[in-house]
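> What shape does this take:
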Amino acid sequence: MAISRSQLVKELEPGLNALFGLEYDRYENEHAEIFDAESSDRAFEEEVMLSGFGSAPTKSEGGAVSFDTANETFTARYTHETIALAFSITEEAVEDNLYDRLAARYTRALARSMSNTKQVKAAAVLNNAFAAAGAAGTNPGGDGVSLINTQHPLQSGGFLANRLATDADLNEASLEQALIDIADFRDERGLRTAIQGMKLIIPRQLQFTANRLMESTLRTGTADNDINAIRNMGVIPQGYVVNHFLNDADAFFIKTDAPNGFKHFTRTPLSTSMEGDFDTGNIRYKARERYSFGFSDPRCVFGTSGA
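Numbering: from 1, shown residues only. Purely as a prediction, here's the structure:
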């Protein structure tokens, strides 16, 4: 439906001083703090997890050397979505000079809508991180379980846990335990990895708690003269970031330095186009892009849904 003069009646009145409602600031590109950006030239992308080898055994004198095999364990798929939105203005509104006066405002509003959708879809990877496989909105990984889980199956027969054994709110004890658990991450064959926590990702409700935990010189909530070990040791070197599109007020996440974790594939960058419709004379303006968000290796993050 085109924007007509009846919808913009106040704009036609003389002496109008200001129009408002289309030019709020927006939270932009918060996904870039979480996802690594890559380009794509196909309808979907797939990444395969390889198992590597187990621990090397001792070879006896004169005995034969042992052989091992590396296998493909699972495949993570990224299916791109098309995101698009448009608006049009009637020929009469254009004739009455409404297009020139409003075009910039409406194109900014269009950009704001496109940006909002991208942030929501990016945050959905974490918002659905605890959902059971098969639940509405869930996005299980290539290993068949949710992103944050205590039962990621390993090729060795065990399980990887990137979730606290008992969910807890953000505090000194829960943050330290999460970092201890990250230091115990194993690969697909059960070998220890040197993966470390790099960045704390939190909803807006936890920003003050995170600041006290990460920036205080001494321990918070105690009269003892103990140092703040988290800050002193620099165990989360990239600090914390607030994502305003996270839904759970208690959940927090620690992004690690595991390679091939969070990915944002761009199939078609954001583009805009404008054209006139011959039959109606309306001016139409469209924005469109194609992309996907997801994760490959669940070791890229550790999290808890809160107590």
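> how far does the lengthiest helix in the chain sit from the chain's center?
Counting by DSSP state H, the longest helix found in the chain is helix 98-127. Averaging C-alpha coordinates over helix 98-127 and over its chain gives two centres that are 18 Å apart (CA atoms, centre = their mean, to the nearest Å).
> ditto for stretch 248-256
11 Å.
> List the buried residues of that stretch.
Of the residues in stretch 248-256, those buried under the neighbour-count criterion (16 or more other CB atoms under 10 Å) are Asp248, Asp250, Ala251, Phe252, Phe253, Ile254, Lys255, Thr256. To be clear about C-beta, it is placed using only N, CA and C from the backbone, and glycine gets the same treatment.
> With stretch 157-171 instead?
Within stretch 157-171, the residues that count as buried by 16+ other CB under 10 Å are Leu160, Ala161, Asn162, Arg163, Leu164, Asp167, Ala168, Asp169, Leu170.
> Distance to Gly142 and secondary structure added to these, as a markdown table?
Shown next, in a markdown table, are the buried residues of stretch 157-171 (distance: CB to CB, whole Å; DSSP: H, G, I helix; E, B strand; the rest coil):
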| residue | distance to Gly142 | secondary structure |
| --- | --- | --- |
| Leu160 | 13 | strand |
| Ala161 | 17 | coil |
| Asn162 | 14 | coil |
| Arg163 | 18 | strand |
| Leu164 | 23 | coil |
| Asp167 | 24 | coil |
| Ala168 | 28 | coil |
| Asp169 | 30 | coil |
| Leu170 | 29 | coil |
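> Pick the one among the residues you listed closest to Gln177.
Top of the list for closeness to Gln177, among the buried residues of stretch 157-171 and by CB to CB, is Leu164 at 6.4 Å.
> In contact with that closest one, which residues are there?
Residues counted as contacts of Leu164 (CB atoms under 8 Å, 6 or more residues apart in numbering) are Ser174, Gln177, Ala178, Asp181, Thr304.
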